[in-house]
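A.B. asks: Provided below for reference: sequence and predicted model.
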Amino acid sequence: MKQIEWSPEARADLRRLDRIIAQRVFRAVDRFARTGYGDVVRLHGTQGECRLRVGDWRVRFAFEHPDVLRVLRVRHRGEAYR
């Protein structure tokens, strides 16, 4: 299992979400950290960033170490790549 670290920006993004959506995002990140399961794509033009798709929401993250997953942002799909 990978350790999950949430950036201050990602924590703020989660607090702005509806409670049910925030729980879905949190569960999806936890499931990915435990099992590697999820719709994950490496992002082009960034240094090691990936995104996890959770419905209409995108979780941008990076692996800081092989066992540390750092969540950078949680954004709606229309704003995630700007």
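C.D. replies: Cool, got the structure.

A.B. asks: tell me the contacts of R58?
C.D. replies: Residues in contact with R58 (CB atoms under 8 Å, 6 or more residues apart in numbering) are 51-52, 73-77, 80-81. No exception for glycine: its C-beta is placed from N, CA and C like everyone else's.

A.B. asks: ranges for the helices of the protein?
C.D. replies: 8-16, 19-35 (DSSP state H).

A.B. asks: before we move on, the earlier item: among the contacts of R58, show me the least confident.
C.D. replies: By pLDDT, Y81 ranks lowest within these, coming in at 80.

A.B. asks: list the contacts of that one.
C.D. replies: 43, 58.

A.B. asks: ok, H44 next?
C.D. replies: So H44 contacts nothing (CB under 8 Å, 6+ apart).

A.B. asks: quick check: it vs K2, distance?
C.D. replies: 23 Å (CB to CB, to the nearest Å).

A.B. asks: to what extent is R31 buried, counted in neighbours?
C.D. replies: R31: 13 surrounding residues under other CB atoms under 10 Å.

A.B. asks: can you give me the pLDDT of it?
C.D. replies: The model's pLDDT for R31 equals 97.
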